[in-house]
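Asker: Dropping a prediction and its sequence here:
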Amino acid sequence: MAPRYHIDTIPVWDALHQNEECLLCILRRQTEHLLTERYLGGSVMEPATRIRVNEKGFCPAHHKMLYDRQNKLGHALMMLSHLKEVRQKLERAPLDTGIRTRSNFFSLKPKPSIDKSPILKQLIDGCVLCDSLNENINRYAYTILHLWKTDKSFQKEFLDSKGVCLPDAGLLIDLADEYLSGQNQSSFKEALSNLLTQNLLSLEEELEWFTLKFDYRNSDKPWGTSKDALERSITKLRGWSVGTDPGKEG
């Protein structure tokens with residue numbers, strides 16, 4: 001486990017030094033971009049990758065990331081294999097073997113929910129890239145806790161940073177219950193709670209000034225640090241979704 005932690009500490013430190021609203025959001029987007037390139041690269045022809053893609057496919061968000069890479073051949077090759085797998089599964093487990101008569105075809109009874117069709121639920125719920133991403137982020141989260149436990153300099157820099165967003169704070173708290181104990185656990189939870197409170201207050205002040213800047217009486221006053229307060233507030237509350245992509249270089 002130690003060598004793995006050693007490898008993962010480098011990107012964690014790098015993300016921390018960017019001083020954005022959530023260091024795990026940075027790592028998540030960086031990992032998403034890397035995984036997207038990997039699935040469209042040489043690994044697209046690897047049997048193990050094909051098996052995973054055939055089994056689960058991709059969610060809409062990750063299909064868009066794959067499509068935006070403009071490697072339509074690689075994308076299409078994966079989808080061709082996945083389509084065959086989906087068709088074969090449906091052939092083995094038909095959705096509806098009942099006979100529709102004219103009378104029941106026009107029935108006003110509500111249609112069955114997708115929860116009553118296990119095969120459909122299985123076919124649309126999976127995403128091989130989401131699975132890989134979650135594994136990576138959980139590993140980075142454990143690395144953060146490991147650094148908190150073993151490195152005083154990390155504790156100091158983490159406390160001086162903007163920390164993480166609310167959803168990733170929840171992830172860290174859950175994992176802290178498993179990985180940390182005693183004083184390490186209580187000090188981390190207290191520090192994370194205080195950091196969130198401080199950063200939310202700071203964002204509240206910046207976002208208020210952002211709104212006040214739209215008053216003509218304030219038009220000549222400086223923006224200060226509030227120009228991107230809306231995007232950063234969204235990131236802090238729900239994780240990154242708008243604004244500059246923290247996972248792209250340049």
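Answerer: Okay, I see it.

Asker: Show the average pLDDT along the helix ranked longest in the chain.
Answerer: The single longest helix within the chain, with elements called by DSSP state H, is helix 182-212. Per-region confidence: helix 182-212 scores 97 on mean pLDDT.

Asker: Buried residues, it. List them.
Answerer: For helix 182-212, burial by neighbour count (16 or more other C-beta atoms under 10 Å) applies to 185, 188, 189, 192, 195, 196, 199, 203, 206, 209, 210. Using the backbone N, CA and C atoms, a C-beta is placed for each residue, glycine as well.

Asker: So the most centrally placed residue in the chain versus residue 192, what's the distance?
Answerer: Geometric centre of the chain, nearest residue: residue 28, 5.5 Å, by C-alpha atoms, centre = their mean. Distance, residue 28 to residue 192, using C-beta to C-beta, to the nearest Å: 18 Å.

Asker: same question, residue 36
Answerer: From residue 36 to residue 192 the distance is 30 Å (C-beta to C-beta).

Asker: repeat for residue 51
Answerer: Per C-beta to C-beta, residue 51 is found 39 Å from residue 192.

Asker: Which residues does stretch 216-225 contact?
Answerer: Contacts of stretch 216-225 with the rest of the structure, by C-beta atoms under 8 Å, 6 or more residues apart in numbering, involve 206, 209, 210, 212, 213.

Asker: Now do that stretch, average pLDDT.
Answerer: What stretch 216-225 shows for mean pLDDT is 95.

Asker: Quote the end-to-end distance of that stretch.
Answerer: Using C-alpha to C-alpha, to the nearest Å, the end-to-end distance of stretch 216-225 comes to 19 Å.

Asker: sorry, back to before: got the buried residues of helix 182-212 as JSON lines, with distance to residue 46 columns?
Answerer: Output for the buried residues of helix 182-212, formatted as JSON lines (distance: C-beta to C-beta, whole Å):
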{"residue": "185", "distance to residue 46": "41"}
{"residue": "188", "distance to residue 46": "39"}
{"residue": "189", "distance to residue 46": "42"}
{"residue": "192", "distance to residue 46": "39"}
{"residue": "195", "distance to residue 46": "42"}
{"residue": "196", "distance to residue 46": "41"}
{"residue": "199", "distance to residue 46": "42"}
{"residue": "203", "distance to residue 46": "44"}
{"residue": "206", "distance to residue 46": "47"}
{"residue": "209", "distance to residue 46": "52"}
{"residue": "210", "distance to residue 46": "48"}
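
Asker: Identify each of the helices in this structure and give its residue range.
Answerer: Taking DSSP H as the criterion, the chain carries its helices at 2-17, 23-40, 47-56, 60-68, 72-92, 102-105, 118-125, 128-150, 152-159, 166-179, 182-212, 229-238.

Asker: Neighbours of residue 131, how many?
Answerer: Neighbourhood size, residue 131 [other C-beta atoms under 10 Å]: 12.

Asker: Skipping adjacent residues, who's closest to it in space?
Answerer: Nearest residue to residue 131 in three dimensions, chain neighbours excluded: residue 56, at 7.0 Å (C-beta to C-beta, 6 or more residues apart in numbering).

Asker: For the one you found, which residues are in contact?
Answerer: By C-beta under 8 Å, 6+ apart, residue 56 lies in contact with 126, 127, 128, 131.

Asker: if we take these, which one ends up nearest to residue 8?
Answerer: Residue 8 has its nearest neighbour among those in residue 131, at 18.3 Å by C-beta to C-beta.

Asker: how far away is the closest one from residue 163?
Answerer: With distances taken as C-beta to C-beta, residue 131 is found 26 Å from residue 163.

Asker: cool, and residue 93?
Answerer: Residue 93 is 46 Å from residue 163, where distance means C-beta to C-beta.
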